[in-house]
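Chemist: sequence and predicted structure below; questions after.
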Amino acid sequence: MEQPVHSEDIMKFWMSQADRISWQKKPSVAYGQCEDGLNHWFPDGILNTSYLALDQHVESGKGEEIAIYYDSPVTKTKAKFTYSELLDSVEKMAFTLDSLGVKKGDAVVIYMPMIPEALISMLACARIGAVHSVVFGGFAPHELAVRLDDCRPKIVITASYGVEITKIIPYKPLLDEAMHLSKHKPTYVILKSRPNLEVIMHTGRDLNWDELMESAGNKKFVPVSSADPLYILYTSGTTGKPKGVVRDNGGHAIAMHYSMKAIYDMKPGEVFFAASDVGWVVGHSYIVYAPLIYGCTTVLYEGKPVRTPDAGAFYRIIEEYKVKTLFCAPTAFRAIRKEDPEGKELAKYNISSLKYLFLAGERTDPVTYDWARELLNVPVVDHWWQTETGWAIAANMMGDLPLPAKAGSATKPVKGFDVRILDEEGHELKQGEKGNIVIKLPLPPGCLPTLWNDHSNFESSYLSHYPGYYLTGDGGYFDDDGYLFILGRIDDVINVAGHRLSTGEMEEIVAENPSIAESAVIGIDDEIKGQVPLAIVVCKDGIVIDPKAIESDLTHRIREKIGAIASLKTVVFVKRLPKTRSGKILRKTMRKMIDGENYSIPSTIDDPSILDEVMEAVRLKIQK
């Protein structure tokens, strides 16, 4: 395995990257302590993220280049914004926020669907040094109220509704209920009205987006410190007091700019399609900030990978906008494979512009990896990162030093991430030995410096378990070539008769059955063995299945590749798996429900009825 770069060299490296963006005042040091008592990257630098994303491109003569393609199959709406047009809208919303009393350091909550106004709101906050917190549109009132109380925004920006595949979700009633529940009461609500739905406006509090924009002037950007917060993003599945991940301006801008070329091999003017949502970290980093800071065109897609209208939705986007790089969650391609296992939809489109498919958010099983690679005939890059880091911890660096790919591996750590594998006592493990994945401090630019108003929780959650290291919460190992393999969350390791086994490895084996579209393997309590695995599987559409034959095949495969000790004997067939809206399967929640432990359903759950259906299927199977 390669030796980590000496810290002095890495500081010089990041200072060289800092020279590649426009500062109002260039930093003199790479890393140091700031007034808040915390260490930050480029601590004495002054800049503005909105300027980097917009003004600098207009000033350099690129104002008429396309910044955003907006495509909404659910509303049959399309639009495009040049950099000049986007800058004008952002200036007007920044003027509006300023005139309503929002100042540098104040929080603004953005509770919106995937529409251009969401991006405009984020960039407007950045323009005046306000701290935005995007909450996924459609969140339940209680969860939204918790976030209002935690970040205490002056203003909430929302829209009248969001659109799912078959229905609309009115946002305004949910927000009104949240503001009734919350102790903190924002002063104003700015509402972007969408067609064909009347909403109740509260006089004196609720303001109309379009009317405000019509009368707005243009607001110049406000220079901020590199260490000043750009945004707060609450981690999914939080209960009680939420964890508000903080992203500072300077380190974030450097990381975003560096990653676009080094990891994604993008050039200014090319089209990047991150099929995510602005409510998630991928949306923050790679729908909004990184593409715009780097001068690319970003695709804002209000739709799904399937059923909007079919499993060819992504291919249409790629053809229509000449997408070079597609970034999505593995669950998106598992959904596409489930509905179109033979890839027939692809024949309808010309996707010759596509050079890369990047996957992150869930482990990419080798079967999905191979299927996508063979179908698309482009490199498939499985890279690994977290809300907390803001960009990839490990990846195949397609614009820097591409390496031969290995299915199931996130390749090698990205520059600046000193990744180690430790056992429970903190001893570093050898290649091939599985343990806890940690990152040696300091974390590189772009990673969280703290949690919002809760630094003690930041230290206890991430830093105290292994002093000097950041605990990722994931388990894995390096192979003999130094490739990093992620086996899933630490609590996804189960103990069968004293043997620690990875449910992620079992899922990879289950996926090898040609009838299986996707699966979740979880460990459930067993009186004799402590825990035993239970496989919950979804079969592909359009095929005839024989449950007994599939169950027998899966049992045999697990026994053959892991050993008889794995003891997989129970397979439950379901139509869908319960997931968060970002595509993460609710393994931990299901395990606790089956074992009769106390549990809480994550606020980010996509459809609670699916969880009920799966638990009923599990109950019936276990009773047999």
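Modeler: Great, that's in hand.
Chemist: when you work out contacts or count neighbours from here on, use the C-alpha atoms and nothing else.
Modeler: Fine.
Chemist: make sure Trp391 is actually in contact with His383.
Modeler: No. The criterion here is Cα atoms under 8 Å, and Trp391 misses it with His383 at 9.6 Å.
Chemist: which one's more surrounded, those two?
Modeler: It is His383, of Trp391 and His383, that has more neighbours when counted by other Cα atoms under 10 Å, with 29 against 25.
Chemist: any idea how far that one is from Leu401?
Modeler: 15 Å (Cα to Cα, to the nearest Å).
Chemist: one more: Pro43?
Modeler: Pro43 is 30 Å from Leu401, by Cα to Cα.
Chemist: more neighbours: the two, which one.
Modeler: The neighbour comparison of Pro43 against Leu401 (other Cα under 10 Å) goes to Pro43, with 23 against 9.
Chemist: contact partners for the more buried one?
Modeler: Shown in contact with Pro43 (Cα atoms under 8 Å, 6 or more residues apart in numbering): Pro27, Val29, Ala30, Tyr31, Gly32, Gln33, Cys34, Ser225, Ser226, Ala227.
Chemist: ok, now Gln17?
Modeler: By Cα under 8 Å, 6+ apart, Gln17 lies in contact with Ile254, Tyr258.
Chemist: neighbours around the nearest residue to Pro444 once chain neighbours are set aside, how many?
Modeler: Excluding its sequence neighbours, the residue lying closest to Pro444 (Cα to Cα, 6 or more residues apart in numbering) is Gly416, at 5.3 Å. As a burial measure, Gly416 scores 21 neighbours (other Cα under 10 Å).
Chemist: ok, now Ile565?
Modeler: Neighbourhood size, Ile565 [other Cα under 10 Å]: 15.
Chemist: could you pull up phi and psi at Pro73?
Modeler: The phi/psi pair for Pro73 (degrees, to the nearest 10) reads phi -70, psi -20.
Chemist: so it touches Val306, yeah?
Modeler: No. Between Pro73 and Val306 there is no contact under Cα under 8 Å: 11.1 Å.
Chemist: phi first, then psi, for Arg127.
Modeler: phi -70, psi -30.
Chemist: need the contact list for it.
Modeler: Asn48, Thr49, Ser50, Tyr51, Val90, Glu91, Ala94, Lys220, Phe221, Val222.
Chemist: please redo it, this time with the cut-off set to 6 Å
Modeler: By Cα atoms under 6 Å, 6 or more residues apart in numbering, Arg127 lies in contact with Ser50, Phe221.
Chemist: which residues of the stretch 451-600 of the chain score low on pLDDT?
Modeler: For the stretch 451-600 of the chain, the stretches with pLDDT under 70 are 491, 497-500.
Chemist: what about the strands in the stretch 451-600 of the chain?
Modeler: All strands of the stretch 451-600 of the chain, identified by DSSP state E, counting those that start in this stretch, fall at 469-478, 484-489, 493-496, 499-502, 516-526, 530-539, 570-574.
Chemist: next, format those strands as TSV and append mean neighbour count and distance to Leu611.
Modeler: Below are these laid out as TSV (neighbours: other Cα atoms under 10 Å; distance: least, Cα to Cα, whole Å):
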stretch	mean neighbour count	distance to Leu611
strand 469-478	21	24
strand 484-489	23	20
strand 493-496	20	22
strand 499-502	18	23
strand 516-526	23	13
strand 530-539	22	12
strand 570-574	20	10
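Chemist: including distance to Thr203, could those go into JSON lines?
Modeler: What follows is the strands of the stretch 451-600 of the chain, written out as JSON lines (distance: least, Cα to Cα, whole Å):
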{"stretch": "strand 469-478", "distance to Thr203": "47"}
{"stretch": "strand 484-489", "distance to Thr203": "48"}
{"stretch": "strand 493-496", "distance to Thr203": "54"}
{"stretch": "strand 499-502", "distance to Thr203": "56"}
{"stretch": "strand 516-526", "distance to Thr203": "49"}
{"stretch": "strand 530-539", "distance to Thr203": "50"}
{"stretch": "strand 570-574", "distance to Thr203": "48"}
